[in-house]
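**Q** Sequence and predicted structure, then a few things I'm wondering about:
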Amino acid sequence: MLGQRLRILRQSRRKTQSEIAELLNISRSAYALYEAGKRQLNYDSLVILADFYHVSLDYLFDRTDVPELQSSFTLEERRLLSRYRALDSRGRETVQALADAEYSISNRKK
């Protein structure tokens, strides 16, 4: 899973394996093995990549689907996200519908 996340992040930023390998000070072939899941990155390299992509280590390790660093959220945003995640599917649909309606109203005023 880590290798897949690394590949998706790299491609979404339109970077080559060579560019990321250079960032990590390793060869392109060594980096390719990490994306293929055939080798494990060390902690320092993981931190460099998380910082480079502005994601959490939890996101890299597929422990969350939220790529943004939690520290970039305000306290209110973290509270809302925590409560949203605790809802069942009906509750999430209700919140999403309300957010969509408020967003539409807000954009009409601009």
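**A** In hand now; what should we look at? Predicted, not measured: the structure shown is a model, and the values here were computed from it.

**Q** When you work out contacts or count neighbours from here on, use the C-alpha atoms and nothing else.
**A** Fine.

**Q** who does the helix ranked longest in the chain touch, helix- and strand-wise?
**A** In the chain, taking DSSP state H as the definition, the longest helix is helix 89-109. If you count contacts as 3 or more Cα pairs under 8 Å, 6 or more residues apart in numbering; DSSP states H and E, helix 89-109 packs onto helix 75-86.

**Q** any idea of the mean pLDDT for the longest helix of the chain?
**A** Here helix 89-109 scores 89 as its mean pLDDT.

**Q** May I see the buried residues of that helix?
**A** Neighbour-count burial for helix 89-109, counted by 16 or more other Cα atoms under 10 Å, picks out no residue.

**Q** Taking the centroid of the protein, which residue is nearest it?
**A** When Cα atoms, centre = their mean is applied to the chain, the residue found nearest the centroid is P67 (1.8 Å).

**Q** Let me know the secondary structure of that residue.
**A** coil (DSSP: H, G, I helix; E, B strand; the rest coil).

**Q** For it, report the pLDDT, please.
**A** In this model, P67 carries a pLDDT of 74.

**Q** wait, what's in contact with it?
**A** Under the criterion of Cα atoms under 8 Å, 6 or more residues apart in numbering, the neighbours of P67 are H54, V55, S56, Y59.

**Q** try 10 Å
**A** By Cα atoms under 10 Å, 6 or more residues apart in numbering, the residues touching P67 are L9, A50, Y53, H54, V55, S56, L57, D58, Y59, L60.
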